[in-house]
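Participant: Can you look at this prediction? I've put the sequence above it.
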Amino acid sequence: MPPCAGMVLDAGESWWFVSAQEAQWIAPAEPVLPVPGMVPPAIGLVLTEEQVATALQVGSAPASDMIMCMTQGGPVALFGARVVATGVFELTEGQVKFQNKSARLLDVRQLTFDIEAALWRAARLGEQERSE
Amino acid sequence: MTKGVRRGWFRRARQTSKPTDQTEVARLWTAHLRAHQSANHAVELTTQLLASTKRQQVLLDGALDLIRQAANRSPEIQDPIDQVAHNLDRLRLIALNVGLEGARLGDPAGHTLMNMADEVRSLTERANEAVQELRTALDDTLSLWNQAVHRTEETRHAHEALETQFGSLQTAADNTLQDIQPIGTHTRSLLDMDPHTAVALARVTEHAKELIQALGSLGDHARQDIIRSALGPTLHPLLRALLQIANPSKIKPIRE
């Protein structure tokens, strides 16, 4: 696999790698507006750079930054992870090595799809319950 | 001693069944004088102590003000440190974003950017560590300042109590002095004698005793003519003085 540009995140319990295709920039963390009915790891919405982004909690590390990503579903802000390094890394079997640690590839696009799917399922379930 | 011509001490000595001991009277007056002097000294000392305590109080107040001012100026140091930390954090973010852009450009176009970003990021991390150390040192210093304020306040309170106690001591010394003065007045009226006379009489008595003792020590073996020639010039005026005291109307006063 060719070298992959991106960033390594320390998310507390685990380390993640986010490719530069998805990760756009790193910004100081903004306050998250909680939205009822959101499915974890989505925790709410955040306003940054005149954009409304979905806030995702990807770890439990005390971080003062958020990682802004762009997906097909729109902008996404990652919380709970600290950027350890940026650069070009060897991505092997869905993970990169950094400082003798493995960082698994975080597929943000897939994550947002999963969240959306979960939201749809929940909405459908609600409709069914109401019809019954 | 002859009747009718005696005055003062001699008459009193004859009239009272128990003759007053001059030495005891002198001791009494000496003790009184000493007590008076000591009380006076105590009053002076307590006044000086009170004055120096007040001066120390002023100095303590000054020191307390200075320490409080120093403690109150901590935000002037903390705010710039916070600003530096904030700016360093921004710089770190910029470095990370530059690194991300460099990674996106790939080698070799983004190589320089990535290197620069790494260098800046490591510098900001080191600077952040230094800022944290500075914060810890400042917190420790602030804690010490606060302790200093607390202890100085305690010292000040203790000093206030000391001042009150010195005030009470001064009052007690004043009272002692005032109480000693009537003792002197009453003693003077009771003994019909001033302290200086009493002390002088006591001294004369002591000297007389010593003279008699010294004369006794000459013994019988000494030649009388030598004793007379040696002691005559001294003892002759003494004898005249004693006779003058005993019978002032018959003996002419000594004129030297």
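Facilitator: Great, that's in hand.
Participant: Would you enumerate the residues in contact with residue 106?
Facilitator: In the absence of a named chain, chain A is used. For residue A:106, the contact set (C-beta atoms under 8 Å, 6 or more residues apart in numbering or on different chains) comprises A:9, A:16-18, A:58, A:78. C-betas here are computed from N, CA, C, even on glycine.
Participant: that's the wrong chain, I wanted chain B
Facilitator: A:3, A:5, A:88.
Participant: Residue A:53 now?
Facilitator: A:45-47, A:68, A:74-77.
Participant: pLDDT-wise, what's the bottom of those?
Facilitator: Among the contacts of residue A:53, residue A:74 carries the lowest pLDDT, at 87.
Participant: how near is residue B:137 to residue B:36?
Facilitator: Distance of residue B:137 to residue B:36, given as C-beta to C-beta, to the nearest Å: 62 Å.
Participant: Close to chain A: what parts of chain B are there?
Facilitator: Residues of chain B lying close to chain A by C-beta under 8 Å from any C-beta of the partner chain are B:89-90, B:93, B:96-97, B:99-100, B:102-104, B:106-107, B:110, B:114, B:117-118.
Participant: give me that answer again for 10 Å
Facilitator: B:86, B:89-90, B:92-107, B:110-111, B:113-115, B:117-118, B:121 (C-beta under 10 Å from any C-beta of the partner chain).
Participant: For chain A, just list every one of the strands.
Facilitator: A:3-10, A:15-19, A:23-28, A:42-48, A:51-57, A:65-71, A:74-79, A:82-90, A:95-98, A:101-105 (DSSP state E).
Participant: Next, name the residue at the spatial heart of the chain.
Facilitator: Just so you know, I chose chain A. Nearest residue to the geometric centre of chain A (C-alpha atoms, centre = their mean): residue A:78, 4.2 Å.
Participant: oops, chain B please
Facilitator: Most central in chain B (C-alpha atoms, centre = their mean) works out to residue B:49, at 5.6 Å.
Participant: For it, which non-adjacent residue is closest in space?
Facilitator: residue B:166 (5.1 Å; C-beta to C-beta, 6 or more residues apart in numbering or on different chains).
Participant: Same check on residue A:47?
Facilitator: In space, residue A:47 is closest to residue A:30, 6.5 Å off (C-beta to C-beta, 6+ apart).
Participant: Could I get the average pLDDT for stretch B:171-185?
Facilitator: So the average pLDDT for stretch B:171-185 ends up being 89.
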